[in-house]
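1. Sharing a model that was predicted from the sequence below.
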Amino acid sequence: MKHMLQNKLMSQILTPWLLFFYTVPAKPGNLRMKVWRRLLKMGAVSLKGSVYLLPASEDHLEALHWLAEEVAGLGGEAAFVKAERIETMGHEEVIALFNAQRQSEYAPLEAALENLEVQLGSLEQQPDVEGWEAGQGIFRKLLKGYRAIRNLDFFHSPGGSALQKRLELFEERLKQLTAQPQPTGSEPPGPKRKEEYRDRVWMTRKNPFVDRMASAWLIRRFIDPGARFEFPEEGRKPYETPGAVSFDVPGGDFSHHRDRCTFEVLAEAFGLRSKALGKMAEVVHELDLKDGKFPNPLAAGVESILTGIRKTAAGDLESLEEGIKVFERLYAALS
């Protein structure tokens, strides 16, 4: 009922529509698809053939202006007009077109969230670190996807509002699980002596990212300058390798404990404290746990760089070593 009233109110006060028309050469065949994708990213809906519709706004006017120029540059023709109404359709019918389009985009997220809700139920019954971390990662992607669609949900579709409520409930359950002691297979390590951890093999999980990269840097920079990093063979767990020190793995020597990431646990165990390390710990914590405890403007940039490394590195070891270089430079900048 609330959304019906919102839509009725919107239909009474809505600014005019923008109609975009275009033609492009038949070859190459991807030109039409290129323009269609641009319109889709704006949130436009197809009215008929190559006629697309958007609510009128300054942002949409500017976007369509540049798109028309781009179409002309491709050898095509484009124009757009502002219309107070669509003569063959009522305002509510036009709004329904937008809501239906948004619902089709929300549908894959709804299905993915349903699967994630089942997984979370299992984690609540039987906690598992890797499953918990994977669930957090999937949820972050879902939330990012939802927000991108919601920005184009011009009329607050009922499906979008329902999905928002489900996401909020899931996030609350996830926060409650995060607040509980996370299983590490052991109690948090007590104070450690660096001398006992020199020239060791340090084992961690494959596909390293923020916490493992940062922890590897901390280990080599302050704990074990001769550290060698390895990843377990298929079917073998890191902490099962004789003589090796395991980190950021369930049941390992150094790993997550309660609401602290491995970087924080290592720093505490070896008494590593400084203003620069404190700032770095905040960045790593925020990127790894995403709990909003330490919002830091540096986090997004660091994550983007590490994501680039992850995508371009030839293997896990190269990825880890390149990540170590990033954190060395970050430390220098913060010192």
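-> Noted; the coordinates are in hand.
2. Quick one: the strands in the stretch 151-300 of the chain, in order.
-> In the stretch 151-300 of the chain, the segments counted as strands under DSSP state E, counting those that start in this stretch are 201-203, 228-230, 245-246.
3. for the stretch 1-150 of the chain, that is, sorry about that
-> In the stretch 1-150 of the chain, the strands defined using DSSP E, counting those that start in this stretch lie at 17-23, 45-48, 51-55, 77-83.
4. Please convert those strands to CSV, extending it with mean pLDDT, distance to Ala314 and mean neighbour count.
-> Where you see a C-beta, it was placed from the backbone N, CA and C, and this is true even at glycine. Shown next, in CSV, are those (pLDDT from 0 to 100; distance: least, C-beta to C-beta, whole Å; neighbours: other C-beta atoms under 10 Å):
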stretch, mean pLDDT, distance to Ala314, mean neighbour count
strand 17-23, 94, 43, 20
strand 45-48, 88, 44, 14
strand 51-55, 94, 43, 20
strand 77-83, 93, 44, 14
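5. Nearest to Gly292 among the ones you listed would be which one?
-> Smallest distance to Gly292 across the strands of the stretch 1-150 of the chain (C-beta to C-beta): 32.8 Å, for strand 51-55.
6. what are the pairing partners of the closest one, and which direction each?
-> strand 17-23 (antiparallel), strand 45-48 (antiparallel) (DSSP bridges).
7. what would those strands look like in a markdown table with distance to Lys192?
-> A markdown table is the format used below for these (distance: least, C-beta to C-beta, whole Å):
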| stretch | distance to Lys192 |
| --- | --- |
| strand 17-23 | 64 |
| strand 45-48 | 61 |
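8. how does the chain divide into domains?
-> The record's domain parsing of the chain by automatic domain parsing lists 15-86, 92-179, 194-334.
9. most tightly surrounded among those?
-> Of all those, domain 194-334 has the most neighbours on average by mean count of other C-beta atoms under 10 Å, namely a mean of 18.
10. Check Gly145 and give its pLDDT.
-> pLDDT, Gly145: 91.
11. list the contacts for it?
-> Applying C-beta atoms under 8 Å, 6 or more residues apart in numbering to Gly145 gives the contacts Leu109.
12. roughly how far apart are it and Asn99?
-> 18 Å (C-beta to C-beta, to the nearest Å).
13. do the same with Arg205
-> According to C-beta to C-beta, Arg205 and Asn99 sit 43 Å apart.
14. Check Phe155 too.
-> Using C-beta to C-beta, Phe155 is found at 6 Å from Asn99.
15. For stretch 264-280, give me every contacting residue.
-> Under C-beta under 8 Å, 6+ apart, the answer for stretch 264-280 is 188-192, 194, 214-215, 218-219, 222-223, 247, 254-257, 260, 263, 281, 284-285, 296, 298, 327, 330-331, 334-335.
16. Can you give the distance from that stretch to the centre of its chain?
-> Remark: stretch 264-280 is offset 26 Å from the chain centroid, using C-alpha atoms, centre = their mean, to the nearest Å.
17. can you give me the end-to-end distance of it?
-> Its first and final residues considered, stretch 264-280 spans 10 Å by C-alpha to C-alpha, to the nearest Å.
18. Stretch 50-68 now?
-> With C-alpha to C-alpha as the measure, stretch 50-68 spans 13 Å from end to end.
19. Need the contact partners of that stretch.
-> With contacts defined as C-beta under 8 Å, 6+ apart, stretch 50-68 is touched by 14-23, 32, 35, 38-39, 42-47, 78-80, 82, 86, 94, 97, 154.
20. so where's the protein shaky on pLDDT?
-> Within the chain, the segments meeting pLDDT under 70 span 1-15, 123-135, 177-188, 234-242.
21. Show me where it has its helices.
-> Ranges of helices in the chain, per DSSP state H, are 2-13, 30-42, 58-73, 91-125, 129-150, 158-179, 210-218, 262-269, 275-289, 299-312, 316-334.
22. closest one to Glu233 among those helices?
-> With C-beta to C-beta as the criterion, Glu233 lies closest to helix 316-334 of these, at 12.3 Å.
23. by contact count, what packs against the closest one?
-> On a contact count with 3 or more C-beta pairs under 8 Å, 6 or more residues apart in numbering; DSSP states H and E, helix 316-334 meets helix 210-218, helix 275-289, helix 299-312.
24. how far out from the middle of the chain is the shortest one?
-> Centroid separation between helix 210-218 and its chain, computed with C-alpha atoms, centre = their mean, is 20 Å.
25. Stretch 227-235 now?
-> That offset, for stretch 227-235, works out to 27 Å (C-alpha atoms, centre = their mean).
26. Only alpha carbons, please: show it as PDB.
-> Extracted as PDB, the C-alpha positions of stretch 227-235 are listed here (Å, rounded to 0.1, in the frame of the first residue of the first chain):
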ATOM      1  CA  ALA A 227      60.800 -15.600   6.100                       C
ATOM      2  CA  ARG A 228      59.900 -17.900   3.200                       C
ATOM      3  CA  PHE A 229      56.200 -18.100   2.300                       C
ATOM      4  CA  GLU A 230      54.600 -21.200   1.000                       C
ATOM      5  CA  PHE A 231      51.100 -22.400   0.200                       C
ATOM      6  CA  PRO A 232      49.900 -25.900   1.100                       C
ATOM      7  CA  GLU A 233      49.800 -28.700  -1.500                       C
ATOM      8  CA  GLU A 234      46.400 -29.900  -2.600                       C
ATOM      9  CA  GLY A 235      44.700 -31.700   0.200                       C
END
